[in-house]
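> The sequence and its predicted three-dimensional model are supplied below.
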There are 4 protein chains.
Amino acid sequence: MSKINYRNVVAQVMTAVRPHIGAGKVADYIPGLGEVDPGRFGFAVATVDGEVHGGGESATPFAIESISKLFALALVLHHDDRAIWKRVGREPTGDPFNSLIPLQLSRGIPGNPFVNPGAIVVTDQLLSDTGDAYGAIRELLRAETGNPQLHVDAVTAHSEETTGNRDRSLAYLVADFGNMINPVHETLDHYFRQCSIMISCEELARAALFQARHGVRADGSYLISAEDARGVNALVLTCGTYNEAGDFAYRVGLPCKSGVSGGILTIVPGRCTAVGWGPGVNEKGNSVSAAVALRAFGRLTGLSLF
Amino acid sequence: MSKINYRNVVAQVMTAVRPHIGAGKVADYIPGLGEVDPGRFGFAVATVDGEVHGGGESATPFAIESISKLFALALVLHHDDRAIWKRVGREPTGDPFNSLIPLQLSRGIPGNPFVNPGAIVVTDQLLSDTGDAYGAIRELLRAETGNPQLHVDAVTAHSEETTGNRDRSLAYLVADFGNMINPVHETLDHYFRQCSIMISCEELARAALFQARHGVRADGSYLISAEDARGVNALVLTCGTYNEAGDFAYRVGLPCKSGVSGGILTIVPGRCTAVGWGPGVNEKGNSVSAAVALRAFGRLTGLSLF
Amino acid sequence: MSKINYRNVVAQVMTAVRPHIGAGKVADYIPGLGEVDPGRFGFAVATVDGEVHGGGESATPFAIESISKLFALALVLHHDDRAIWKRVGREPTGDPFNSLIPLQLSRGIPGNPFVNPGAIVVTDQLLSDTGDAYGAIRELLRAETGNPQLHVDAVTAHSEETTGNRDRSLAYLVADFGNMINPVHETLDHYFRQCSIMISCEELARAALFQARHGVRADGSYLISAEDARGVNALVLTCGTYNEAGDFAYRVGLPCKSGVSGGILTIVPGRCTAVGWGPGVNEKGNSVSAAVALRAFGRLTGLSLF
Amino acid sequence: MSKINYRNVVAQVMTAVRPHIGAGKVADYIPGLGEVDPGRFGFAVATVDGEVHGGGESATPFAIESISKLFALALVLHHDDRAIWKRVGREPTGDPFNSLIPLQLSRGIPGNPFVNPGAIVVTDQLLSDTGDAYGAIRELLRAETGNPQLHVDAVTAHSEETTGNRDRSLAYLVADFGNMINPVHETLDHYFRQCSIMISCEELARAALFQARHGVRADGSYLISAEDARGVNALVLTCGTYNEAGDFAYRVGLPCKSGVSGGILTIVPGRCTAVGWGPGVNEKGNSVSAAVALRAFGRLTGLSLF
């Protein structure tokens, strides 16, 4: 593999994305998110060799939202790499991330860990494994980014809580089928807070590097096994952008995990991670500008898996 | 990337698969298939460098079934790489390959080219593009394998035709929504015949090498662009084994396309292809023994994408 | 029960319906129907005492369409009042009359005899019972109306046939689950013809009187038992206007069977039948003006079941 | 209409039902219900002329469960007969009473007032109309039965609350679509208590007589208009026994409202009401022995609507 000049790539990505900044619609169902300026954009790359390059608002924190699901899953696999797969599947659902329909048909076993009910089950498991699911995720992010100040945004957390009726509906359906260990409101409390952690593109790219390093953390220890890391990368590719995952695989060719606040993380196994952030999302909940950025990134670097 | 001794790998795969030969259930809804001895097994690898290695019944022809969908898609993209994406999606459906439910909800636009309705639409497009969809697929397979005798199995084709009510139901629903160009029975005639082409593991591995070579055929010409080849590999990974695709991605980490007669083809971009064949399939229509073989192949070679 | 002056009622119904004549949309998916003038309207009442009163175009023939399903069901019950209930349910589906979704979920057992797949199964049974399903329905209608000229409209029948892809999709799905006796195309041929029988409001009201007489035909013989006639009236009420049946029961309070050509038949057990016809239908396939007429009829006569 | 000897009918019903007492399965998902002896059975008839006849344990109180939905609906119509129909439909759903699927597809508008989400919406409306939904229902039942001691069963109410995850899931989904006025937990508190009111067959038959009297209460005042009473009877027929309503209409021919504790109420407009109670229910949540009793009641009296 040839040497890639990531600094140049970031600059070219910024050029490519410029006409698309502001596109999409800021998710307004979470009041704390709805007030974000849609014209913001950041991009960052972090390599397994320790390079970090940013463009635009790459150092501005935003709510991590569903990208937190990746870290929760890794922590659960760290504690026990088998138990969770009895409680959640590994298949893309073909449905929106908050659909009750496949969840009822599967009798409370969510299709995968990245749709909302699956992520709630993962947080529930992590809460049982650690006694503090939110705390465990926060500490992992602090350690991997080296930023001990990483914290939940109280406004976003409150917004999540006051607007979380769909998540409550999903969680109670899971509980009705006997697939919830902790009281629903406790698990959801952790879930809402994990989604409200504020983090920048650069930090997020660094935090996710363990997936590019096949499970190895910044301090050289294994968070999860190489086999599990490969599996998680596969899940990110097949399920990480919900019912747009097939198209992301087709057009970007890399595992991508999105959040409704406009962040999208991509992982290039063995090489690097990259994060784009633009608050405007499409009807499937994925950032329009960040998707443009990641497609440009893939094209410029030739780093498709396929 | 280190040099792999594929001859040894094939031998080790055969050892690993032995206890699983005969597992699963031979698809009996197609009479022609139901008579196949469930104890058969073959495996073959073909590399972009021209190596071909086989184990077991790697030279025994079997009905290609749904693996033909890959070749039909490539031919359609060869003729026009845009038109087909207005008629079929690129998303995993989370449903069985023959489900009417997502098709009705999407108003006749199949989720992807590998579920049955999507494949029927692809064949319909190919029939319009060429005037002879079956013939085009057969000629492609003959050319890439170098076997001018490749032919349809009349018994299987007849079986498909006499038992094809589910496919008829799907095709007429597509037609009802205005997404069929040719008369339903004509398109289905080509579709049934393309599924009944007899081909061996070794031949199939060779025939699919253009996907490992990023679109380049055996004669050095481009069948499809490198970009399209990458996209097709992504589709094979996310949709090629239906509602088990997430698990295949998680456990094998390579694009896999299965057929109900028990064949599974995998593609390692830039490196090779491999095909396992064992007639017993699971409830999702994927061969049990061939899946074991491909997992062993991935583990022994380390050739995961992730 | 007080004596009702039906002649006056018909006149008052005509007055009530006048502002609504022309409302709705003529079903244009069947070309033969699409050419009908939306401004037409007819209404007729027939009593068990032999009175017949008509208003507007009550003697103009129109395609019977789905109202034929009632006669097909009665004939099947006439031949054997048990066998059919193993092949079709008796529950409203909550879905449109041509939905594949409940049919797949129930593995080919249609929810009731009045959704299209259920009616196709009934016709299939009648074809087996009689050797000529269409002929049996036509002869029943001829006998009950006293009109030996009743016939299929060739243009409508041809239209049904050329636009019947949705019905084909439904029928092949039924066949795939093993719930079809005759070849699909033969059953559908009878089904398309039975739907294309031309009949007027007055004739239809007379033809359905056996349901008001608890199974007794014009000649005094039993077509079906009183118990079966009660059951069929119940089915007409709960399922006869598809996913608008609840609202018809709520607002009209009488069993109503509609057809997409704009006819609606109502049955008042022990008293009479009434038929309204106006070609404009709503999105659920029920005539707007005929519904207005039947609501007025119920209100003016006080003849609610409830 | 001939004079019916209801005392004899009750005796004959008891004879007919005897072999079926104990059939079905006591709903064990609500602990308070699961402890009921499955061998219990009661039956009662109340006429609009003031007769009341009981058989078996017709004076034994049991939890009213979903039969309370009828009284809640009547009270809401009493307060305002229009507003509720913007929040809930009038169609049978074809799905189980606690299904999330149609609720999500209809974007939070329940199909009818008798499936659980519809009943929760009705209680929510009644809570807004009165400030005390449970109290309003209890007072109505006390007034109509003349039993001022009617009360909630604390054990059942606690059981409902501790096992009400499915109802919570439904209610939060309704809330997510903006169709809930009061806080979900407040509405559910009233809903759980209304379902836990203890009432006997005789009391329930008397309490529901206003539906047989076309809206007129025991004291001669109108609870709802005759037109609304007819509509409610229609709804009870089409939706009162969930996805078995079609079959009840076919076989009993009268409006029936069931509860999971084993009660089934039937209404004969202008004549009487009848209630059977046997704790064993089938998989659709309807009492097996009470259904037998109501079929016998219909057959013995000839009181079918059809």
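Alright, I've got the coordinates. Numbering: from 1, shown residues only, chains lettered A, B, ... in the order given.
> Show me where the stretch 151-300 of chain A has its strands.
Secondary structure of the stretch 151-300 of chain A by DSSP state E, counting those that start in this stretch: the strands cover A:198-199, A:256-258, A:263-268, A:272-277, A:280-281.
> Residues contacting the last one, please?
For strand A:280-281, the external contacting residues (CB atoms under 8 Å, 6 or more residues apart in numbering or on different chains) are A:Gly22, A:Ala23, A:Gly24, A:Lys25, A:Val26, A:Ala27, A:Pro38, A:Val260, A:Gly262, A:Ser287, A:Val288, A:Ser289. Placement of C-beta: from N, CA and C, glycine included.
> Buried among the residues you listed? Need that as a selection in ChimeraX.
Entered in ChimeraX, the line below selects the buried ones among the contacts of strand A:280-281, by 16 or more other CB atoms under 10 Å in any protein chain shown:
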select /A:22,23,24,26,27,38,260,262,287,288,289
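> Pretty sure A:Val45 sits in a strand.
Yes - according to DSSP: H, G, I helix; E, B strand; the rest coil, the state of A:Val45 is that of a strand.
> That one bridge partners, please.
Listed beta-bridge partners, A:Val45: A:His53, A:Ala274 (assigned using DSSP bridges).
> Now stretch A:213-228: buried residues?
Buried residues in stretch A:213-228, defined by neighbour count with 16+ other CB under 10 Å: A:Arg213, A:His214, A:Gly215, A:Val216, A:Arg217, A:Ala218, A:Leu223, A:Ile224, A:Ala226, A:Glu227, A:Asp228.
> Please convert those to a markdown table, extending it with distance to C:Leu173 and pLDDT.
A markdown table is the format used below for those (distance: CB to CB, whole Å; pLDDT from 0 to 100):
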| residue | distance to C:Leu173 | pLDDT |
| --- | --- | --- |
| A:Arg213 | 50 | 98 |
| A:His214 | 47 | 98 |
| A:Gly215 | 47 | 98 |
| A:Val216 | 52 | 98 |
| A:Arg217 | 53 | 98 |
| A:Ala218 | 55 | 97 |
| A:Leu223 | 49 | 98 |
| A:Ile224 | 45 | 97 |
| A:Ala226 | 46 | 96 |
| A:Glu227 | 42 | 95 |
| A:Asp228 | 42 | 96 |
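> what two of those residues are the furthest from one another?
Across those, the longest distance by CB to CB is 20.6 Å; it joins A:Ala218 and A:Glu227.
> Stretch A:18-30 close to chain D?
No - if you take CB under 8 Å from any CB of the partner chain as the test, stretch A:18-30 misses chain D, and the best it gets is 9.2 Å.
> Now do that stretch: distance to the chain's middle.
18 Å (CA atoms, centre = their mean, to the nearest Å).
> Contacts for it next, please.
A:33-34, A:36, A:38-41, A:156, A:159-160, A:163, A:260-262, A:278-282, A:285, A:287-289, A:292.
> Got a quick ChimeraX command for the buried subset of these?
Here is the ChimeraX command that picks out the buried ones among the contacts of stretch A:18-30, judged by 16+ other CB under 10 Å:
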select /A:33,36,38,40,41,156,159,160,163,260,261,262,278,279,280,281,285,287,288,289,292
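> does A:Met14 belong to a helix or a strand, and which?
helix A:6-17 (DSSP states H and E).
> Tell me the spacing between A:Leu105 and D:Gln104.
For A:Leu105, the distance to D:Gln104 equals 12 Å [CB to CB, to the nearest Å].
> Which positions in stretch A:293-302 come out as buried?
For stretch A:293-302, by 16+ other CB under 10 Å, it's A:Ala293, A:Leu294, A:Arg295, A:Ala296, A:Phe297, A:Gly298, A:Arg299, A:Leu300, A:Thr301.
> Which one of those residues is nearest to chain D?
Nearest to chain D among the buried residues of stretch A:293-302, counting by CB to the nearest CB, is A:Leu294 at 30.3 Å.
> Look at that closest one and report its pLDDT.
Looking at A:Leu294, its pLDDT reads 98.
> re earlier: among the contacts of strand A:280-281, which ones are in helices?
Within these, residues falling in helices by DSSP state H are A:Val288, A:Ser289.
> Among the contacts of strand A:280-281, show me the least confident.
Ranked by pLDDT, these bottom out at A:Ala27 (85).
> ok and the residue in the stretch 1-150 of chain A nearest chain D?
A:Leu100 (4.2 Å).
> the bottom helix or strand of chain A by mean pLDDT?
Lowest mean confidence among the helices and strands of chain A (mean pLDDT, DSSP states H and E): helix A:31-34, at a mean of 70.
> near chain D at all, that one?
No - counting by CB under 8 Å from any CB, chain D is not contacted by helix A:31-34; separation bottoms out at 15.0 Å.
> ditto for stretch A:186-196
No - against chain D, stretch A:186-196 shows no contacts by CB under 8 Å from any CB, the least distance being 10.6 Å.
> Leaving out chain neighbours, which residue sits closest to the most centrally placed residue in chain A?
Residue closest to the mean C-alpha point of chain A, counted by CA atoms, centre = their mean, is A:Ile67 at 1.6 Å. Leaving aside its sequence neighbours, A:Ile67 sits nearest to A:Gly259 (CB to CB, 6 or more residues apart in numbering or on different chains; 4.4 Å).
> doesn't A:Phe97 make contact with the one you found?
No - between A:Gly259 and A:Phe97 there is no contact under CB atoms under 8 Å: 10.5 Å.
> more crowded one of those two?
The residue with more neighbours, out of A:Gly259 and A:Phe97, is A:Gly259; 28 against 24, by other CB atoms under 10 Å in any protein chain shown.
> one step back: and the helix holding A:Met14, what's buried?
A:Tyr6, A:Val9, A:Val10, A:Gln12, A:Val13, A:Met14, A:Ala16, A:Val17.
> what sits against the fourth one?
In this structure, A:Gln12 makes contact with A:Ala296, A:Leu300, judged by CB under 8 Å, 6+ apart.
> cutoff 10 Å now
Taking CB atoms under 10 Å, 6 or more residues apart in numbering or on different chains, we find A:Gln12 in contact with A:Asn5, A:Gly55, A:Ala296, A:Phe297, A:Arg299, A:Leu300, A:Thr301.
> Can you list the low-confidence ranges for chain A?
Within chain A, the segments meeting pLDDT under 70 span A:1, A:31.
> Kindly report the residues of it close to chain C.
Residues of chain A found near chain C (CB under 10 Å from any CB of the partner chain) are A:Leu105.
> Outside of stretch A:47-54 itself, list whatever touches it.
A:4-11, A:13-14, A:42-46, A:58, A:60, A:200-203, A:205-206, A:209-210, A:212-214, A:216, A:218, A:268-275.
> got the contacts of A:Gln12 as TSV, with distance to chain B columns?
Formatted as TSV, the contacts of A:Gln12 follow (distance: CB to the nearest CB, whole Å):
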residue	distance to chain B
A:Asn5	22
A:Gly55	25
A:Ala296	14
A:Phe297	15
A:Arg299	9
A:Leu300	14
A:Thr301	13
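> I'd like to know which of the residues you listed are part of helices.
Among the contacts of A:Gln12, the members falling in helices (DSSP H) are A:Ala296, A:Phe297, A:Arg299, A:Leu300, A:Thr301.
> Around chain B, pick out the residues from the stretch 51-200 of chain A.
By the rule CB under 10 Å from any CB, the part of the stretch 51-200 of chain A lying against chain B is A:85, A:89-95, A:99, A:102, A:105-106, A:111-112.
> redo that, cut-off 6 Å
Proximity of the stretch 51-200 of chain A to chain B is confined to A:Arg90, A:Glu91, A:Pro92, A:Thr93, A:Gly94 under the rule CB under 6 Å from any CB of the partner chain.
> can I get the residues you listed in JSON lines with secondary structure and neighbour count?
Below are these laid out as JSON lines (DSSP: H, G, I helix; E, B strand; the rest coil; neighbours: other CB atoms under 10 Å in any protein chain shown):
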{"residue": "A:Arg90", "secondary structure": "coil", "neighbour count": "22"}
{"residue": "A:Glu91", "secondary structure": "coil", "neighbour count": "25"}
{"residue": "A:Pro92", "secondary structure": "coil", "neighbour count": "31"}
{"residue": "A:Thr93", "secondary structure": "coil", "neighbour count": "30"}
{"residue": "A:Gly94", "secondary structure": "coil", "neighbour count": "26"}
